[in-house]
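J.: model this:
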Amino acid sequence: MRISCRYYLPIFLLVQGCFLSSSFLPLSISNRRIRPAIYSEPITDTVNGAGAATTLEPFIVESSETGPAGATVHRLRFPRLPGQAADVPEVIIETGKIGRQAAGAVTLTRGDSVLYATASRDSKPKEDIDFLPLSVEHQERFSSAGLTSGSYTRRDGRPAEHEILVCRLIDRPIRPLIADGWRHDTQILSWVLSYDGVRTCDPLAIVSAATAVYLSDVPLDKPVAAVQVGLSADGTSFILNPTHVEMEESKLHLTVAGTADAVLMIEGYAEFLPESQMIAAVKFGHEAIQTLCKGIIALGEAVGVKKNYSTIKPLPEGLQEKVNQAFMQKVDEMFASGGRKKDQGDIMSAISTDVAETFAEEFPDKGVAVKKAFKNLLCQRLFARARSSGLRGDGRGLKDIRRIDIEAGFLPRVHGSALFTRGETQAVATATLGDASMRQKIDKIDGTEEKRFYLQYTFPPSSVGETGRVGAPGRREVGHGNLAERALIPVIPSEDDFPYSIRVESLITESHGSSSMASVCGGALALMDAGVPIKRTVAGIAMGMLLGDSDGVSDENAVILSDISGTEDALGTMDFKVAGDREGITTFQLDIKCEGLTLETMERALAQAREGRLHILDEMEKVLSAPRETLPPTVPKILLFDIPFESIGKVIGPGGKQIRAIIEDHELVNMDVADDGKIQVSSMKGEKLEEAKAFVLALVGGNGGMKGDRKDKPKYAGPEPVEGENYTGKITGVHPFGVFVEILPGAEDGSTPGLEGLVHVSEMARERVRNCEGFVRSMGVDELTVKYVGKENGKIRLSRKAVLEEIHGDGQKKQPGPRKPKQAPGAPDMSTQEMDVIAQAIEKITET
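T.: Model prediction:
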């Protein structure tokens, strides 16, 4: 009798349950009904360029009663997105299995990466506020990559900078689409539960979070999706959701989010990308977004989404018309008067107070609605003025840039400084140069990242004439600093050409719009003032847009504004920041308040932004046309040289004793020894650098060392290891470059040491190890089984990977390591009685 494998496992479990002791819980087996539904048109994919075609469904929705207690689980699968390579794993979105008490909850899986997102809201709205109370939290758990936090409590702590940036990526495309008037406290939570290290999870976080909101009763009418777009190494084609390796070679890093109809957000950076190529990249990414959104709509239909509009209160009937009739003339006069921020702000505040008092009796307890009606009037009249006369609220034309004043080198003891003023926005930018110890270190699930160049942005409340909290940077400061940093990265010289670590600080001292782009301009000038040989001068500009209907998608009537002020940012529908040089773009960030931006409108905005950027570059080059030829005398001198990898220990010495002696004896500011043997020494005295280099080279050559008499270090005196043999020994040292293991013991009396060897990080596991220290920590062991593979330059070389490969297929127990997904155990040998029961069960199934 032939037993079908389709029925074998469930029947085996059922039969096995009959023979188990009653102390085991009974198995509950439900009838699994999977109802697939295919939506939209199939994707045709040409294979190997031979003309053969494979038809793939763009997405598939399945429903089954496989959740806890037989709950219905809905699954959305995207086998292949348009334009995506064949080797990219499918995206799977699932709801109904995890987090069922949240208003909306989904898991999103791609390959071995798994994200979980929830959307929740309070049951009652806040009646006394006039804004959307939405908060977003995103956490990349160290456990997702088999690591543990390095904090004292070993607990994942406050959000890292990258997690804050992802929170902003999630918030920005979702916020403008939630129905106007929604006042329930709403919270989006996102976690990376498993991370494969192949591709970034950032766009997936946007998709999972937005889907959780869409499946909830929060009034988000349209689904939102996102993708990442890169550029091939030869620059001829775009790559959808590229790998980290592909992004290292890409000159474009673009994240696009939107609906099926239009683009909501773009963010990224590039190496002087032409505007036309950027538009093409956005269009390429939006095609995949359309497929994702259509699939999410189908998932919502399967789930049966119901939205809550019951607490959204429209403006009282006749209120808007009465506010317009009573105060339109005053608003028009205010915009026509122009003036400075404070003058116009005082007039606007006085009118706002007058509006509230005028309608307090006729519309009691409707103060929030009255404020809303007044803001609508301001938006309408600002648009009407710009549309009819080509003039803005401060009297400028649509393309006019505010007056620019620049002063470079105005701080005497700072390495580089610049005061950049554009209208009433002002930034004090400084540049500080240092050695490798000044690098910024960031712990991520990809491992520890070291940044040689970084920009830090500070926005004190005094810059807008207010008081408030001062301390750790807020999310806005982190986001603006990151944007300005990315704008300048492409012009930073390589470490071989300029070995310094570089820190730029931007202190905003006045703000009336586009302080992040002022930080770009001021940062570039400060770098040039410090003598950093940047490749090109970079400037930034913020573009705005006014719409007659702020609830719709941009159209041909949209008014594009250059160098927007704070007022235009608050009353307009777009904030599009673009930075670059005369040839192309280095960074970009788009935020909108309407339901989307068409590619035609974006193209107009980019063309107008280029005109403004060129004007700003002209003004900057009047002050500094090129970097200063010499470094300031306050900058330490730096020298780079290499030593053999195996000599690192000699230079560092026991407990760092040798390296400290070198620094002290040769009057160095610092000495840094990299894992690959590259040494960087810094000193205020150039001649001391050569002395230190000569000493170190003599030391590693056997002719130098610490001052004073030195006794010969005891050496291993036991038997030699056998090449190709496996040894189990204790871990004696863990470093970013590998692990030291004692494979043979020393003398019992301690007179001679044991025999140690190095397991290089590339030989630690069969898969790539991104963080050696975290990897070993996650294993929780103090011994390793390794293979002795021989000597190289007299040093013992060991391999754990060779041991794992040796035992991979023979069923032996592997060395403890990061846990993998559990495999189902093989079926044990069954008795004749068990086989008869299975046969009878199958016959009954066949009969039915």
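J.: Specify the local secondary structure of the nearest residue to residue 578 once chain neighbours are set aside.
T.: Closest residue to residue 578 in three dimensions, ignoring its sequence neighbours and counting by Cβ to Cβ, 6 or more residues apart in numbering: residue 609, at 4.4 Å. For glycine as for every other residue, the C-beta is placed from the backbone atoms N, C-alpha and C. Three-state assignment for residue 609 (DSSP: H, G, I helix; E, B strand; the rest coil): helix.
J.: Can you get me a residue count around residue 609?
T.: Residue neighbour count, defined by other Cβ atoms under 10 Å, stands at 25 for residue 609.
J.: so residue 231 touches residue 247, yeah?
T.: No - Residue 231 is not in contact with residue 247 according to Cβ atoms under 8 Å; the separation is 9.4 Å.
J.: the more surrounded of those two?
T.: Under the criterion of other Cβ under 10 Å, the comparison of residue 231 against residue 247 puts residue 231 first, with 24 against 16.
J.: What residues does the more buried one make contact with?
T.: Residue 231 is in contact with 237-239, 250-252, 281, counting by Cβ atoms under 8 Å, 6 or more residues apart in numbering.
J.: Apply 6 Å and report the result again.
T.: Residue 231 makes contacts with 250-252, as judged by Cβ atoms under 6 Å, 6 or more residues apart in numbering.
J.: same deal with residue 277?
T.: Listed by Cβ under 6 Å, 6+ apart, residue 277 has no contact partners.
J.: do you know how far it is from residue 613?
T.: Distance, residue 277 to residue 613, by Cβ to Cβ, to the nearest Å: 16 Å.
J.: and if you look at residue 469?
T.: Remark: distance between residue 469 and residue 613 (Cβ to Cβ) = 34 Å.
J.: Same question for residue 565.
T.: In this view, residue 565 and residue 613 are 18 Å apart by Cβ to Cβ.
J.: Ok, residue 131 next?
T.: From residue 131 to residue 613 the distance is 32 Å (Cβ to Cβ).
J.: So residue 601 sits against residue 553, correct?
T.: No - under the criterion of Cβ atoms under 6 Å, residue 601 is not in contact with residue 553, lying 8.8 Å apart.
J.: okay, the two: which has more neighbours?
T.: The residue with the greater number of neighbours, taking residue 601 and residue 553 and applying other Cβ under 10 Å, is residue 601; the counts read 23 against 18.
J.: For that one, which residues are in contact?
T.: With contact set as Cβ under 6 Å, 6+ apart, residue 601 has these partners: 554, 558.
J.: quick thing: my sequence starts at 18, can you match it?
T.: Done: numbering now begins at 18, and the last item shifts to residue 618.
J.: so how far is residue 573 from it?
T.: The gap separating residue 618 from residue 573 is 8 Å, by Cβ to Cβ.
J.: How about residue 782?
T.: With distances defined as Cβ to Cβ, the gap from residue 782 to residue 573 amounts to 58 Å.
J.: any idea which helix or strand carries residue 560?
T.: strand 556-563 (DSSP states H and E).
J.: Neighbouring strands - and their directions - for that strand?
T.: strand 576-579 (antiparallel), strand 591-597 (antiparallel) (DSSP bridges).
J.: State the next helix or strand along the chain beyond the first one.
T.: Put plainly, it is strand 576-579. Next helix or strand after strand 576-579 toward the C-terminus (DSSP H and E): helix 583-588.
J.: who's in contact with stretch 810-822?
T.: In this structure, residues lying in contact with stretch 810-822 by Cβ under 6 Å, 6+ apart are 663, 743, 758, 774, 776, 780-781, 783, 801-804, 806-807.
J.: Report the strands that pair with the helix or strand that residue 773 is a member of, each with its relative direction.
T.: Here residue 773 is covered by strand 772-777, with elements defined by DSSP H and E. Based on DSSP bridges, the strands next to strand 772-777 in the sheet, each with its direction, are strand 755-761 (antiparallel), strand 812-816 (parallel).
J.: For it, list the C-alpha coordinates in PDB.
T.: This file holds the C-alpha atoms of strand 772-777, laid out as PDB (Å, rounded to 0.1, in the frame of the first residue of the first chain):
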ATOM      1  CA  LEU A 772      49.500  26.700  22.900                       C
ATOM      2  CA  GLU A 773      47.200  29.400  21.500                       C
ATOM      3  CA  GLY A 774      46.000  30.000  18.000                       C
ATOM      4  CA  LEU A 775      43.700  32.400  16.200                       C
ATOM      5  CA  VAL A 776      40.300  31.500  14.700                       C
ATOM      6  CA  HIS A 777      39.900  34.400  12.300                       C
END
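J.: Show me which residues of that strand are buried.
T.: Judged by neighbour count using 16 or more other Cβ atoms under 10 Å, the buried positions of strand 772-777 are 772-777.
J.: Contacts for it, please.
T.: 733, 749, 755-761, 803, 813, 815, 817.
J.: Could you pull up the mean pLDDT of that strand?
T.: Confidence for strand 772-777, expressed as mean pLDDT, is 88.
J.: buried ones in whatever helix or strand comes next after it?
T.: Next helix or strand after strand 772-777 toward the C-terminus (DSSP H and E): helix 789-796. The neighbour-count check on helix 789-796 (16+ other Cβ under 10 Å) flags 789-796 as buried.
J.: Please apply the same query to stretch 96-109.
T.: Buried residues in stretch 96-109, counted by 16+ other Cβ under 10 Å: 96-98, 100-101, 105, 107-109.
J.: What strand or helix carries the nearest residue to residue 249 once chain neighbours are set aside?
T.: Nearest residue to residue 249 in three dimensions, chain neighbours excluded: residue 256, at 6.0 Å (Cβ to Cβ, 6+ apart). For residue 256, the element it lies in under DSSP H and E is strand 255-257.
J.: what's next to that strand, contact-wise?
T.: Contact partners of strand 255-257, identified using Cβ under 6 Å, 6+ apart, comprise 100-101, 244, 246-247, 263, 298, 301, 305.
J.: Which one of those residues sits in the busiest neighbourhood?
T.: With neighbours defined as other Cβ under 10 Å, the most crowded of the contacts of strand 255-257 is residue 246; it has 28 neighbours.
J.: got the contact list for it?
T.: For residue 246, the residues meeting the contact criterion (Cβ under 6 Å, 6+ apart) are 255, 271, 298, 302.
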